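Novice: sequence? don't have it. structure:
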């Protein structure tokens with residue numbers, strides 16, 4: 001039972017690591033010709049709405065993000081720009097998705113709301129999402145990923161050791177993957193809420209952050225008839241370098257993040273942790289069995305050595 005529970009717990013991680021290339025391998029390559037800065041095809045009609053989404057606490061942008069925000073607004077000057085603040089975000093959720101308000105208000109950290117919001121607005125409107133600490137070198141050539149694709153398409157940026165990040169996302173509106181994501185948010189909040197204050201980094205990552213998104217995409221892709229799916233694409237940082245520069249401010253990271261980020265960059269430690277957890281579980285199970293059998297044997301010895309008990313029985 002314990003072994004089964006441990007294997008069930010680590011199964012998603014094992015699948016992610018074992019099938020990372022199959023699920024999240026970068027298969028989107030962009031032509032070098034666009035990198036000269038030509039943008040005339042960006043306004044052509046396609047399934048990706050020409051909307052740029054970003055989030056901030058208020059409309060007063062912190063100094064450290066003012067230049068990066070400006071670079072993105074300039075690069076996407078022919079896009080509709082939506083800046084989602086704490087106030088406008090909650091208003092949007094309460095009007096369009098009232099079933100999520102209780103979860104929204106229950107999040108322990110503001111970054112969880114910021115993470116959750118991006119899935120809702122991308123599902124609702126579609127478009128491009130970029131973190132505030134992203135510097136835009138030039139606009140992304142959407143027409144390149146709209147060629148020969150189905151009605152829906154979503155693009156994500158790969159990360160190490162497995163999965164994707166949620167600081168760069170592009171999608172058509174009402175994509176079924178994002179429908180799955182917003183439906184899963186309350187479940188993952190329920191899983192993490194009891195220990196969120198003790199392990200904030202882990203809780204943030206799993207409740208609505210990059211690990212949450214990775215697990216949702218994994219589940220969605222494994223439901224598809226074949227892989228790779230025409231509905232989902234993954235691009236790596238090298239291909240994105242001409243278009244964006246990640247300034248990696250990590251403004252929400254806490255002390256527990258340093259250890260976990262170190263672990264995240266060393267794939268072997270994931271397997272070691274899994275093996276250690278399995279060994280610890282087996283050891284605990286063995287210890288419990290030993291205690292139980294010891295007590296049973298003591299009871300048997302006592303009954304057999306006590307004439308009164310033996311006679312009554």
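Specialist: Arrived safely. Quick caveat, the model's predicted, so the values are computed rather than measured.

Novice: Identify each buried residue in the strand or helix carrying residue 114, please.
Specialist: Under the criterion DSSP states H and E, the helix or strand holding residue 114 is helix 110-125. Within helix 110-125, the residues scored as buried using 16 or more other C-beta atoms under 10 Å are 111-123. Yep, even glycine has a C-beta here, placed from its N, CA and C like the rest.

Novice: And stretch 230-248, by the same measure?
Specialist: Applying 16+ other C-beta under 10 Å to stretch 230-248 flags 231-237, 240, 242-246 as buried.

Novice: quick one: which of the residues you listed sit in strands?
Specialist: In this view, these that belong to strands under DSSP state E are 232-235, 244-246.

Novice: Just want the angle from the longest strand along the chain to helix 110-125.
Specialist: Ranked by residue count, the top strand of the chain under DSSP E comes out as strand 164-171. Between strand 164-171 and helix 110-125, the angle formed by their directions is 30 degrees, by axes from the mean of the first three to the mean of the last three C-alpha atoms, to 10 degrees.

Novice: in the following helix or strand past strand 164-171, what counts as buried?
Specialist: The element immediately downstream of strand 164-171 (helix or strand, assigned by DSSP H and E) is helix 176-192. For helix 176-192, the neighbour count (16+ other C-beta under 10 Å) marks 177-178, 180-182, 184-186, 188-189, 192 as buried.

Novice: Residue 101: which of those residues is nearest?
Specialist: Residue 101 lies nearest to residue 186 out of the buried residues of helix 176-192, by C-beta to C-beta, at 10.8 Å.

Novice: Would you map out the domains in this protein?
Specialist: What automatic domain parsing lists as the domains of the chain is 19-255, 271-312.

Novice: would you list those domains in TSV and tack on mean pLDDT?
Specialist: Output for those, formatted as TSV (pLDDT from 0 to 100):
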stretch	mean pLDDT
domain 19-255	91
domain 271-312	56
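
Novice: got the contact list for the closest residue to residue 153 other than its chain neighbours?
Specialist: With sequence-adjacent residues excluded and distances taken as C-beta to C-beta, 6 or more residues apart in numbering, residue 153 is closest to residue 172, at 5.5 Å. The contact partners of residue 172, by C-beta atoms under 8 Å, 6 or more residues apart in numbering, come to 47-49, 126, 151-154.
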